[in-house]
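Engineer: Sequence and predicted structure are below.
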Amino acid sequence: MLRSSLLTLTRIGSNRLMSTAAKLTTVEVNDKTGIATLTMCRPPVNGLNLELLKDLSQSIDEIESNKSRGLILTSSNPTIFSAGLDILEMYKPDKERIRAFWTSLQDVWLALYGSSVPTAAAINGHSPAGGCLLATSCEYRVMLPKFTIGLNETQLGIVAPKWFMSSFLSVLPRRIAERALNQGRMFTTEEALQVGLIDEVANTKEEAIEKCSAFIGSFAKVNPLARALTKQQFRAADLQQLENERVQDLEKFLFFVNQPAVQKGLGLYLESLKKKAKN
Ligand SMILES: CCCCCCCC/C=C\C=C\CC(=O)SCCNC(=O)CCNC(=O)[C@H](O)C(C)(C)COP(=O)(O)OP(=O)(O)OC[C@H]1O[C@@H](n2cnc3c(N)ncnc32)[C@H](O)[C@@H]1OP(=O)(O)O
């Protein structure tokens, strides 16, 4: 398979480390537990661009087909889980590339939210928008203190599509989800724990990964097929909705993102991020 030819396989202690040629993600399988840790490593902020999304898709497929016992998603950046979608993909976009970009984001969501293996996110840094989408697509979340997480799209003048809402709603009560989305609210770790957006707090990345592993281990005595089919039945309606509306969803996104007012807003937001970075 093409994917295999892109992979290099290294052994570190009892772990197998698989990394893609471009190294935007690594997959490390713990030989003792059989759990795969999928790490995003795209400096400076794990912005989800086309290449990172394609890597994530390939890595998730790899983990599914290697029959790993579970998947833990995390980041190599010590303060940022993911800054969400790379705004440079949406600002003054290239016509073909932006189509591939959104399609790849759909692929990642379908693969992660619909994954047959237990999934958990070790959120070791800030996790706005697309970062929060990835985290809420997993079944369990452990976050480090003093970071923020949420769907802040309305703060940028953009609208979270229905399937972003599905992931959010699979974690939060409807009333809290609706208000947070309308406000574009970012929750601190403590607030996120209080509303149930995350499940646990850990003091270090290692501790977060241990807690995620313990969650995945809690299924050890459950029949894997029964567990996977039960999970998929819970998520089937959300997944089917995007499968049925993929093309319309893409066209809606393209129409929306190409609106002059949206382009202007994205330009101003990028400028403000760059100014902040200089100060
Ligand atoms: C009716 C239905 C219609 C449906 C239509 C659908 C339309 C939906 C469209 C889009 C959905 C989008 C979802 C998203 O994910 S949008 C992205 C939202 N992300 C953010 O708002 C995060 C912005 N970033 C930050 O808040 C911070 O950068 C942070 C992640 C907290 C990290 O802070 P810090 O460590 O201080 O780092 P800096 O801010 O200094 O950033 C370093 C450099 O990285 C650049 N950067 C940061 N974030 C992004 C990003 N998301 N995209 C691109 N670039 C980013 C930043 O500008 C700095 O760059 P430089 O060093 O060159 O100055």
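Structural biologist: Right, received. Where do you want to start?

Engineer: Pull out the buried positions in the longest helix along the chain.
Structural biologist: Longest helix in the chain by number of residues (criterion: DSSP state H): helix 224-257. Within helix 224-257, the residues that count as buried by 16 or more other Cβ atoms under 10 Å are A228, K231, R235, D238, L239, L242, E245, R246, D249, L250, F253, V257. All C-beta spots, glycine's among them, are computed from the backbone N, C-alpha and C.

Engineer: so how far is it off the chain centroid?
Structural biologist: Mean-position distance between helix 224-257 and its chain equals 15 Å (Cα atoms, centre = their mean, to the nearest Å).

Engineer: residues in contact with the helix or strand just after it?
Structural biologist: Elements were assigned by DSSP states H and E; along the chain past helix 224-257, the next helix or strand is helix 260-278. With contacts defined as Cβ atoms under 8 Å, 6 or more residues apart in numbering, helix 260-278 is touched by I87, L88, M90, Y91, K92, L156, G157, I158, F256, V257.

Engineer: any idea of the mean pLDDT in the longest helix of the chain?
Structural biologist: Averaged across helix 224-257, the pLDDT comes to 97.

Engineer: Report all helices and strands that that helix contacts.
Structural biologist: If contacts are counted by 3 or more Cβ pairs under 8 Å, 6 or more residues apart in numbering; DSSP states H and E, helix 224-257 sits against helix 95-113, helix 162-169, helix 260-278.

Engineer: Near the ligand, list only the ones from the buried residues of helix 224-257.
Structural biologist: Among the buried residues of helix 224-257, the residues within reach of the ligand (Cβ under 6 Å from any ligand atom) are F253, V257.

Engineer: Of the buried residues of helix 224-257, just say which sits nearest to the ligand.
Structural biologist: F253 (4.6 Å; Cβ to the nearest ligand atom).

Engineer: For the closest one, which residues are in contact?
Structural biologist: The neighbourhood of F253, defined by Cβ under 8 Å, 6+ apart, consists of W102, P161.

Engineer: do W102 as well
Structural biologist: So W102 contacts D249, L250, F253, L254 (Cβ under 8 Å, 6+ apart).

Engineer: how close does it get to G196?
Structural biologist: Distance of W102 to G196, computed by Cβ to Cβ, to the nearest Å: 29 Å.

Engineer: now do Q233
Structural biologist: For Q233, the distance to G196 equals 22 Å [Cβ to Cβ].

Engineer: S137 now?
Structural biologist: For S137, the distance to G196 - Cβ to Cβ - is 16 Å.

Engineer: The two: which is more packed in?
Structural biologist: More crowded of S137 and G196, by other Cβ atoms under 10 Å: S137, with 26 against 12.

Engineer: interface residues of the stretch 151-279 of the chain facing the ligand?
Structural biologist: 152-153, 156, 158-159, 161, 252-253, 256-257, 273-274, 276-277.

Engineer: Go through the residues you listed and name the one with the lowest pLDDT.
Structural biologist: When those are sorted by pLDDT, the bottom entry is A277 at 80.

Engineer: T37: what's it in contact with?
Structural biologist: Contacts of T37 (Cβ under 8 Å, 6+ apart): V27, E28, V29, N30, L71, I72, T74, A122, I209.

Engineer: Tell me if the third one really is in a strand.
Structural biologist: What it means is V29. Yes. According to DSSP: H, G, I helix; E, B strand; the rest coil, V29 belongs to a strand.

Engineer: The stretch 51-200 of the chain: strands as residue ranges?
Structural biologist: Counting by DSSP state E, counting those that start in this stretch, residue ranges of the strands within the stretch 51-200 of the chain are 70-75, 119-123, 127-128, 140-143, 148-150, 187-188, 200-201.

Engineer: Rebuild those as TSV, extending it with distance to D107 and mean pLDDT.
Structural biologist: Compiled in TSV, the strands of the stretch 51-200 of the chain are given as follows (distance: least, Cβ to Cβ, whole Å; pLDDT from 0 to 100):
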stretch	distance to D107	mean pLDDT
strand 70-75	15	98
strand 119-123	16	99
strand 127-128	20	98
strand 140-143	22	98
strand 148-150	23	98
strand 187-188	27	98
strand 200-201	29	98
